[in-house]
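Asks: Here is my input; please provide its structure:
(one chain, ligands or ions: 1)
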Amino acid sequence: MSDATVAHSLEELERRLGGLSLRGQWQADANRPQNVRKGSNGAVHIEPIPAGRAHAWRWSDIVPILQYACKAMPESYTARRALILHNPGLPRGTTHTMLSSIQIVKPGEIAWAHRHTINALRFSIQGGPKTYTIVEGRKLSMEPYDLLLTPGWTWHDHHNDSDHDAIWLDGLDVPFTLALNQSFYDELGEIAQQPGPADSLGPLMFRPSPSQQGEAMRPLRYPWAETLRAIEARGGEPVDPLNGRMVEFINPRTGGSVLPTLRCRVQILPPGFEGRLQRHTSSTILFVISGEGSVRLDSGDIAWGKHDTFALPNWAQHRFVNASKREPAVLFTMDDSPILFAFGYYRSECETAP
Ligand code: 1HN
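Replies: As a prediction, the model looks like this:
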C-alpha cells in the first residue's frame, strides 16, 4: 500500500514528530499556566499569571530565628548565615527573578571572601561604623539603612568588628542568573581581602577583576544620611497617585539602575495614602524602614510594619495603603525592571483617576 492511501491523523503526526526530536508549534507549552481570554471576535489574548505568591516575612518571626541560627550554626564564615525568604509559590527565590535573605554576622565574625556572577546588594538594618563589607578592596561601612552594592564578579567579605549583631537584607538576581545558566562562583582562598582605606571614592587599593575595571570608579555605598537628604529635597514635589514618592538610587556613571538587573528605590507613602490599583510586569521586594500599612491584592490584604519584608509578584494587581493618618511609611524597594526595560518587556497598567 502506498503512503498516500493511508489516513493521515494528527495523532500519528505528533507521534512521528516525537521520534524525530521535533514538536509542533501547536504542541508547545500546552500545559503552561497562563491567562487565556477570548475576545468577542474569538481572537485569543494571553497574559502571564503572576509568578509565585505575594507574601510577607515578619520581623518578629525573623529575629528569634536569626538568634537560633547563631546558636545552631556558630561560625558564620563556614557559609553565609543568611535566611532565604523563600516564596511559598515558587521552586526557588523570593520572586521568580530575585532572591532576598536576612543575614546576621555576630561580633568578631567574618563572612569570608567570595565572588559570583550573581549581582548582589545589601540593605543594612542593624549595624554601625565597625560593621563593614569589603568590595574589591574598598571598605564600605554598614550603618542602618545604608545601601551597599556587590556588582557581579566583585570580591566581597563581610566583617563585624563591633560588639553588636549586624543584620541586613541581601538582594540578589539568583533565579534570573540561574535561569540563564550563567552562575560562576569563586572562593578567594583567604578569609578576607586586604582592605584599602575606608571607602571615599578615592584611589582604589585592590586591583579590580578585569571585568570590573569600570565598576572601580563608581560608588558602591549609598549612605542613609544622603538618601534622607535626597528624600527631604524632594518633599515639596507632587505625590504620585500610584506609589506616593519615589527616590531612585542611580549609578552616576550611567544614570541608570544601581545594578544591571536590579533597580533600587525608596518609596514614601504620605500619611493616609491610598494608592490607585496598578500592576506591572516587574516583580518587587519591599522592606519596611518605618511605618505601617498594607498592600491590597485580589487575594486579600497583606499588612506590614517596621522591618517586615514582602514580595510582590509580577503582574499582580495591587494598591499601597498607609494605615497611619499621622506618620509616613518609608519602604526600601528592589525590582527586576532593568531586565524588562532592556528587552522591551516592561508593561504597566493602572486604574484611571476617579
Ligand atoms: C551570598 O553570596 C550572600 O555574599 C548572601 O553575603 C546571600 C544568597 C544566595 C546566594 C549567595 C553574601 C546569598 C548569597
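Asks: name the helices or strands packed onto the longest helix seen in the chain?
Replies: Ranked by residue count and defined by DSSP state H, the top helix of the chain is helix 59-72. On a contact count with 3 or more CB pairs under 8 Å, 6 or more residues apart in numbering; DSSP states H and E, helix 59-72 meets strand 82-84, strand 99-105. Quick note: C-beta positions are derived from backbone N, CA and C, even for glycine.
Asks: tilt between it and strand 99-105?
Replies: Following axes from the mean of the first three to the mean of the last three CA atoms, to 10 degrees, one obtains 60 degrees for the angle between helix 59-72 and strand 99-105.
Asks: quick one: buried residues of helix 59-72?
Replies: W59, I62, V63, L66, A69, C70 (16 or more other CB atoms under 10 Å).
Asks: Pick the most deeply packed of the helices and strands packed on helix 59-72.
Replies: The highest mean neighbour count among those, using mean count of other CB atoms under 10 Å, belongs to strand 99-105: a mean of 25.
Asks: Pull the residues that contact that one.
Replies: Applying CB atoms under 8 Å, 6 or more residues apart in numbering, the contact partners of strand 99-105 are 57, 62, 66, 69-70, 76, 80-85, 92-94, 111, 122, 125, 131, 158-160, 165-175, 285, 309, 311, 334.
Asks: Which neighbours in the sheet does that strand have, and how are they oriented?
Replies: Neighbouring strands of strand 99-105 in its sheet, by DSSP bridges, are strand 82-84 (antiparallel), strand 166-172 (antiparallel).
Asks: beta partners of the closest residue to the ligand within the stretch 201-350 of the chain?
Replies: With CB to the nearest ligand atom, the shortest gap between the stretch 201-350 of the chain and the ligand falls at I285, namely 13.0 Å. I285 forms beta bridges with A311, M334, as assigned by DSSP bridges.
Asks: Rebuild the helices and strands packed on helix 59-72 as CSV, extending it with distance to P328 and mean pLDDT.
Replies: Below are the helices and strands packed on helix 59-72 laid out as CSV (distance: least, CB to CB, whole Å; pLDDT from 0 to 100):
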stretch, distance to P328, mean pLDDT
strand 82-84, 29, 96
strand 99-105, 23, 97
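Asks: between those strands, which one is nearest to E143?
Replies: Nearest to E143 among these is strand 99-105 (14.6 Å), distances taken as CB to CB.
Asks: Convert the closest one to PDB, retaining C-alpha atoms only.
Replies: C-alpha atoms of strand 99-105 as PDB (Å, rounded to 0.1, in the frame of the first residue of the first chain):
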ATOM      1  CA  LEU A  99      16.200  36.300  46.000                       C
ATOM      2  CA  SER A 100      16.400  38.100  49.300                       C
ATOM      3  CA  SER A 101      17.700  36.800  52.600                       C
ATOM      4  CA  ILE A 102      18.300  38.200  56.100                       C
ATOM      5  CA  GLN A 103      21.800  37.700  57.200                       C
ATOM      6  CA  ILE A 104      23.300  38.000  60.700                       C
ATOM      7  CA  VAL A 105      27.000  38.400  61.500                       C
END
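Asks: and it with the ligand, contact?
Replies: Yes. Applying CB under 6 Å from any ligand atom, one finds strand 99-105 touching the ligand at L99, S101, Q103.
Asks: The helix or strand following that strand versus strand 166-172: what angle between them?
Replies: Per DSSP states H and E, strand 99-105 leads on to strand 110-116 as the next helix or strand towards the C-terminus. Angle of strand 110-116 versus strand 166-172, following the same axes, to 10 degrees, is 10 degrees.
Asks: in strand 110-116, what's buried?
Replies: Applying 16+ other CB under 10 Å to strand 110-116 flags I110, A111, W112, A113, R115, H116 as buried.
Asks: for that strand, packing partners?
Replies: Packing contacts for strand 110-116, counted by 3+ CB pairs under 8 Å, 6+ apart, involve strand 156-160, strand 185-187.
Asks: So which elements touch the first one?
Replies: To tie it back to what came earlier, the one meant is strand 156-160. Under the contact definition 3+ CB pairs under 8 Å, 6+ apart, strand 156-160 sits against strand 99-105, strand 110-116, strand 128-135.
Asks: Pipe those into JSON lines and attach distance to R32 per row.
Replies: Output for these, formatted as JSON lines (distance: least, CB to CB, whole Å):
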{"stretch": "strand 99-105", "distance to R32": "23"}
{"stretch": "strand 110-116", "distance to R32": "30"}
{"stretch": "strand 128-135", "distance to R32": "40"}
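Asks: quick one on the thing from earlier: using PDB, write out every CA atom in the longest helix of the chain.
Replies: The C-alpha coordinates for helix 59-72 follow below in PDB (Å, rounded to 0.1, in the frame of the first residue of the first chain):
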ATOM      1  CA  TRP A  59      10.500  40.900  61.600                       C
ATOM      2  CA  SER A  60       9.000  39.400  64.800                       C
ATOM      3  CA  ASP A  61       9.500  35.900  63.300                       C
ATOM      4  CA  ILE A  62      12.900  36.700  61.800                       C
ATOM      5  CA  VAL A  63      14.700  38.000  64.900                       C
ATOM      6  CA  PRO A  64      14.200  34.900  67.100                       C
ATOM      7  CA  ILE A  65      15.100  32.500  64.300                       C
ATOM      8  CA  LEU A  66      18.300  34.500  63.500                       C
ATOM      9  CA  GLN A  67      19.200  34.100  67.100                       C
ATOM     10  CA  TYR A  68      18.500  30.400  66.900                       C
ATOM     11  CA  ALA A  69      20.600  30.200  63.700                       C
ATOM     12  CA  CYS A  70      23.500  31.800  65.600                       C
ATOM     13  CA  LYS A  71      23.400  29.000  68.200                       C
ATOM     14  CA  ALA A  72      22.800  26.200  65.700                       C
END
